[in-house]
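Novice: attaching a predicted model along with its sequence, questions to come.
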Amino acid sequence: MARYAKDRGFVIKKTPLMGDNVLITLFSMDRGKHIAKAYGLKKIKSRRASHVETGNLINFSSYEKSGYATLGQTELIYGYSKVRRSEIKLQLLFVYLFVLNKILPENQPEPALFSITTDFFKSLNNKSDFGMNDMLGFFRDLMLAGGFLSQEKLVSRSFDTLAYVEEVVGSKIDFRYLS
């Protein structure tokens, strides 16, 4: 049975495929982490290519059949241009998206995490002095809302947010550009 849906979401990741196709990982409002194949995205005449840059907020349609999703029309809502002008903010964006991609289950709505992610993007884009403390605050919020962290563990003296996030995602997070 085929299913057509419209949604809004953040582009988390792009994975090139053979030919002109790309696998797009989205964090959508209604479906959570959603992976769809975008046909012809690498073609020079593709109108969708600029919409699906990593970190963009887009409206999109997708068509799902036999368990596979295909990306349809896209519309750019916001591109967060201030983030793209700063190397430090760009690194923070990619670190956040990496963590988000690791913790999100596929095709499960996560409205609390979507709200936190929206706040993160707005803060990163608009706050000129966004730094490590802000980032760790958003990580704590993600871990709490996602059910990875209890309030009791959070308030313990020995709690280290970055070490905890690294343990949850199973990877070291490098903030070499941050002071």
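Specialist: Perfect, I can see it now. Since the model is a prediction, treat every value here as computed from it, not as a measurement. Numbers count the residues shown, from 1 in each chain.
Novice: next one: stretch 35-46 to chain centre, how far?
Specialist: With CA atoms, centre = their mean, to the nearest Å as the basis, stretch 35-46 stands 19 Å off its chain's centre.
Novice: kindly report the same for stretch 111-119.
Specialist: Relative to the mean C-alpha coordinate of its chain, stretch 111-119 is positioned 10 Å out (CA atoms, centre = their mean).
Novice: would you map out the domains in this structure?
Specialist: 3-78, 81-169 (automatic domain parsing).
Novice: just name the most buried of the ones you listed.
Specialist: Ranked by mean neighbour count under mean count of other CB atoms under 10 Å, the domains of the chain are led by domain 3-78, which reaches a mean of 17. The way it works is simple: take the backbone N, C-alpha and C, and place the C-beta from them, glycine included.
Novice: so how far is the first residue of that domain from its last?
Specialist: End-to-end distance for domain 3-78: 27 Å, by CA to CA, to the nearest Å.
Novice: sorry, back to before: make TSV out of the domains of the chain and add distance to Phe175 and mean pLDDT.
Specialist: Written out in TSV, the entries for the domains of the chain read as follows (distance: least, CB to CB, whole Å; pLDDT from 0 to 100):
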stretch	distance to Phe175	mean pLDDT
domain 3-78	18	89
domain 81-169	7	92
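Novice: which elements pack onto the longest strand belonging to the chain?
Specialist: Here the longest strand in the chain is taken by residue count, with DSSP state E as the criterion, and it is strand 3-16. Judged by 3 or more CB pairs under 8 Å, 6 or more residues apart in numbering; DSSP states H and E, strand 3-16 is in contact with strand 22-28, strand 32-38, strand 57-65, helix 87-103.
Novice: can you add distance to Glu110 and give these back as TSV?
Specialist: Listed next are these as TSV, based on distance: least, CB to CB, whole Å:
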stretch	distance to Glu110
strand 22-28	8
strand 32-38	5
strand 57-65	16
helix 87-103	9
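Novice: who's sitting farthest from the centroid in this structure?
Specialist: Most distant residue from the mean C-alpha position of the chain: Arg157, 30.2 Å away (CA atoms, centre = their mean).
Novice: next, it: secondary structure please.
Specialist: coil (DSSP: H, G, I helix; E, B strand; the rest coil).
Novice: return the residues in contact with it.
Specialist: For Arg157, no contacting residues are found, by CB atoms under 8 Å, 6 or more residues apart in numbering.
Novice: thanks again, I'm all set now.
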